[in-house]
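Chemist: A structural model of the following input is requested.
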Amino acid sequence: GLESIKQFDRKSCVKESFIFPKHKIFGVTKKTELNLPGTRINCDHTFGEVYLYLSCTDRCLNSTCPLTRNIQYDSCPGQNSNRVYTLADNNYLTFVTKSQGSYHNNYFLCKNNRACITYNKVCDLVDDCGDRSDEEMCTNHFQCNNTGHYIDRTKQCDGVVDCTDQSDECNQLCGGEIIKDIRLKVFSWAIGFLAVTLNAIILSRNTYSLRRCKSSVAFINKILIMLISLGDLLVGLYLLLISIADKYHGIGYCKSKPEWLTSSECSLLGALSTAGSQISLFAMTILSVTRLLGIKNSMNIAEPVRKKSVLKVTTISILTISASVCMAVIPLLGTFEDFFVNGMKYNADIPLFVGLPGKDLHFNAIGQYYGRMKKSTLSWSLMNTMVDDMFTHEKEGFPGRTKVDFFGNDGVCVFKYFVNSNDPQGPFVYAVLVLNFSCFVVITVSYLFINFISIKSSSQLIQGAGNKMIQRRNAKIQRKISVIISTDFLCWVPFVVICVLHTLEVLDATPWYALFSIIILPINSVINPLLYDDTVSGLIDRAIRKLVPVWNAVSPFRQRITVQ
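Modeler: Numbers count the residues shown, from 1 in each chain. As a prediction, this is how the structure comes out:
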């Protein structure tokens with residue numbers, strides 16, 4: 001209705017007279033005067049007589065007129081005691097009724113011929129005829145498979161379950177899998193495998209070579225690089241596990257979606273992804289500051305590894321991991337459920353709560369049962385108690401109930417970065433976004449200073465063999481710094497901007513959860529092993545050097561084959 005009003009406002013309206021049937025009915029002289037849009041529109045947002053008038057005057061894009069049966073003299077027996085019989089089209093006998101000083105027959109004849117209903121009851125999502133004939137030709141609804149009741153067409157495939165059998169969300173038009181796009185599936189497996197493999201190599205190599213560190217600076221750097229690899233390894237593990245879950249559920253995911261979103265496995269994956277990304281980000285931030293301070297103090301004699309430096313880096317590591325784990329676990333604690341629980345899942349045999357109802361739907365149901373109350377005073381705990389009391393007469397008490405926690409907002413079970421202004425978890429999400437963006441700023445500024453110092457030292461060198469080697473080393477450092485800043489920028493800045501635009505309701509970013517959780521945010525888990533440590537890049541260089549002679553030896557043979 002409101003959507004159609006908006007469309008009417010944008011288009012010029014025309015006046016038109018309407019009567020059904022179009023042939024002449026003796027005694028009926030007055031037609032219904034209508035204001036109609038000048039062009040055809042989508043009528044899926046209209047209902048009742050508005051839908052009927054638009055479709056029957058050919059103003060709808062994909063809708064047909066539901067008026068197909070002419071009213072006969074014996075139609076609708078027992079109704080309209082004030083009926084007056086008259087001749088229609090000089091061919092058959094019908095009846096009319098008098099209203100506001102004139103005669104009309106503005107009725108819809110049900111297919112069973114036993115009932116006539118007014119136009120406002122046609123295509124109104126309710127079976128008023130009893131044989132569904134007043135709804136069967138309408139295009140503004142979706143009919144649930146199990147109950148047969150109608151819902152608004154716009155509620156089909158909107159991500160919210162309205163039918164008790166989930167047929168409005170699990171059908172040929174929507175439904176799908178945890179990871180819907182085949183390209184995202186490939187990226188999830190590939191990035192996950194590379195992240196786990198590359199970071200496992202770095203962790204094992206650095207653990208083995210840790211004892212050979214002579215200076216405290218090198219020791220701290222190596223530990224921080226291992227922390228980055230640990231975080232990236234957890235992110236890679238998350239991608240592999242979510243890919244396995246996607247493969248396991250397959251196309252049947254839609255039916256099992258409520259169970260998956262409320263499962264402990266989904267919560268664990270969300271916590272794993274969050275903890276891994278935060279460990280990596282915090283470690284990169286600390287490492288950038290450490291390297292900046294190291295360059296500034298490069299003229300000082302390097303200190304050997306002492307208990308003090310070991311204690312220092314151990315404290316840093318414990319604090320980094322603890323802070324990251326806390327950020328991942330806090331949304332799962334029952335103490336904060338009023339901030340982080342997104343809804344509840346009830347047994348399928350309770351039609352009052354379909355799908356995963358949130359606080360608003362609970363409040364509406366409770367308000368209808370108990371009467372008026374203040375919404376702000378209702379906690380999840382109180383709501384659950386009140387709902388339980390509504391079902392105290394059930395045979396076995398109230399059926400099971402499970403929570404949809406913070407990570408159950410999407411099938412990929414990722415941190416709920418995209419929140420609206422009225423979401424209770426908004427302050428927590430905003431704080432994490434500000435913190436992460438601040439880390440990006442610190443990393444960028446630190447490496448810009450390192451780059452500036454490197455360029456300055458290179459420009460002061462005198463041309464010579466040793467100095468050229470230092471220049472090449474500085475050039476390599478500058479290239480790495482450029483890549484570090486570029487990848488972090490392309491990862492975090494667009495992401496933060498999209499989060500802000502979603503909060504301001506400029507766009508809806510919720511369909512992009514899979515894209516960000518599988519490619520945009522985890523891609524650094526594959527790039528970081530190549531940037532922060534020479535172990536992997538060294539292995540790649542050695543592999544290339546071994547392959548080049550083989551390639552050169554094979555090339556003449558290939559050329560001879562080509563010539564022949």
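Chemist: Please make it C-alpha for all contacts and neighbour counts, starting now.
Modeler: Fine.
Chemist: Flag the shaky bits of the stretch 151-300 of the chain, pLDDT-wise.
Modeler: 296-300 (pLDDT under 70).
Chemist: List the buried residues in stretch 85-97.
Modeler: Using 16 or more other C-alpha atoms under 10 Å as the test for burial, stretch 85-97 gives 85, 86, 87, 88, 94, 95, 96, 97.
Chemist: same deal with stretch 421-439?
Modeler: Result for stretch 421-439 [16+ other C-alpha under 10 Å]: buried residues 425, 426, 428, 429, 430, 433, 436, 437, 439.
Chemist: from what I can see the second one touches residue 416, true?
Modeler: Okay, so that is residue 426. No. Residue 426 is beyond contact range of residue 416, at 9.3 Å (criterion: C-alpha atoms under 8 Å).
Chemist: where do the strands sit along the stretch 351-500 of the chain?
Modeler: Assigned by DSSP state E, counting those that start in this stretch, the strands in the stretch 351-500 of the chain fall at 401-404.
Chemist: Check the stretch 51-200 of the chain too.
Modeler: 84-88, 92-99, 102-104, 107-109, 116-118, 141-143, 150-152.
Chemist: of these, which approaches residue 512 most closely?
Modeler: Closest to residue 512 of those is strand 150-152 (C-alpha to C-alpha; 25.3 Å).
Chemist: Can you give the distance of that closest one from its chain's centre?
Modeler: How far strand 150-152 lies from its chain's middle: 24 Å, per C-alpha atoms, centre = their mean, to the nearest Å.
Chemist: go on, stretch 490-506?
Modeler: With C-alpha atoms, centre = their mean, you get 14 Å for stretch 490-506.
Chemist: who's in contact with it?
Modeler: 417-421, 433, 437, 440, 507-509, 516, 520-521, 524 (C-alpha atoms under 8 Å, 6 or more residues apart in numbering).
Chemist: Which members of those are classed as buried?
Modeler: Using 16+ other C-alpha under 10 Å, the buried members of these are 417, 418, 419, 420, 433, 437, 440, 508, 509, 520, 521, 524.
Chemist: Would you mind measuring from the fourth one to residue 59?
Modeler: Applying C-alpha to C-alpha, to the nearest Å, one obtains 37 Å for the distance of residue 420 from residue 59.
Chemist: Distance to residue 27 for the strands of the stretch 51-200 of the chain - can I get that in JSON lines?
Modeler: Below are the strands of the stretch 51-200 of the chain laid out as JSON lines (distance: least, C-alpha to C-alpha, whole Å):
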{"stretch": "strand 84-88", "distance to residue 27": "7"}
{"stretch": "strand 92-99", "distance to residue 27": "9"}
{"stretch": "strand 102-104", "distance to residue 27": "7"}
{"stretch": "strand 107-109", "distance to residue 27": "16"}
{"stretch": "strand 116-118", "distance to residue 27": "20"}
{"stretch": "strand 141-143", "distance to residue 27": "37"}
{"stretch": "strand 150-152", "distance to residue 27": "38"}
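Chemist: if we compare these, which one ends up closest to residue 127?
Modeler: Per C-alpha to C-alpha, nearest to residue 127 of the strands of the stretch 51-200 of the chain: strand 150-152, 8.4 Å.
Chemist: hmm, back to that, of the buried residues of stretch 421-439, which belong to helices?
Modeler: Of these, the ones assigned to helices by DSSP state H are 426, 428, 429, 430, 433, 436, 437, 439.
Chemist: Let's have those in JSON lines, adding distance to residue 199 and pLDDT.
Modeler: Shown next, in JSON lines, are these (distance: C-alpha to C-alpha, whole Å; pLDDT from 0 to 100):
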{"residue": "426", "distance to residue 199": "33", "pLDDT": "90"}
{"residue": "428", "distance to residue 199": "30", "pLDDT": "94"}
{"residue": "429", "distance to residue 199": "28", "pLDDT": "93"}
{"residue": "430", "distance to residue 199": "30", "pLDDT": "93"}
{"residue": "433", "distance to residue 199": "25", "pLDDT": "92"}
{"residue": "436", "distance to residue 199": "22", "pLDDT": "92"}
{"residue": "437", "distance to residue 199": "24", "pLDDT": "91"}
{"residue": "439", "distance to residue 199": "22", "pLDDT": "91"}
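Chemist: farthest-separated two in those?
Modeler: Of all pairs in those, the most separated under C-alpha to C-alpha is 426 and 439 at 19.9 Å.
Chemist: Let me see the residues that make contact with stretch 44-63.
Modeler: 1-4, 18, 36-37, 39-43, 64-67, 119-125, 138-141, 152-154.
Chemist: now do 7 Å
Modeler: 1, 3-4, 39-43, 64-66, 119-124, 138-140, 153 (C-alpha atoms under 7 Å, 6 or more residues apart in numbering).
Chemist: ok, now stretch 22-30?
Modeler: Under the criterion C-alpha under 7 Å, 6+ apart, residues 86, 87, 88, 89, 103, 104 lie in contact with stretch 22-30.
Chemist: Quick check: the two most widely separated of these?
Modeler: 89 and 103 (16.0 Å).
Chemist: Run through the neighbouring helices and strands of the host helix or strand of residue 293.
Modeler: Applying DSSP states H and E as the criterion places residue 293 in helix 264-296. Helices and strands touching helix 264-296, by 3 or more C-alpha pairs under 7 Å, 6 or more residues apart in numbering; DSSP states H and E, are helix 216-249, helix 307-329, helix 426-459.
Chemist: How far away from the center of its chain is the second one?
Modeler: In terms of C-alpha atoms, centre = their mean, the gap separating the centre of helix 307-329 from the centre of its chain is 32 Å.
Chemist: Now do the buried residues in it.
Modeler: So helix 307-329, judged by 16+ other C-alpha under 10 Å, has buried residues 309, 313, 316, 317, 320, 321, 323, 324, 325, 327, 328, 329.
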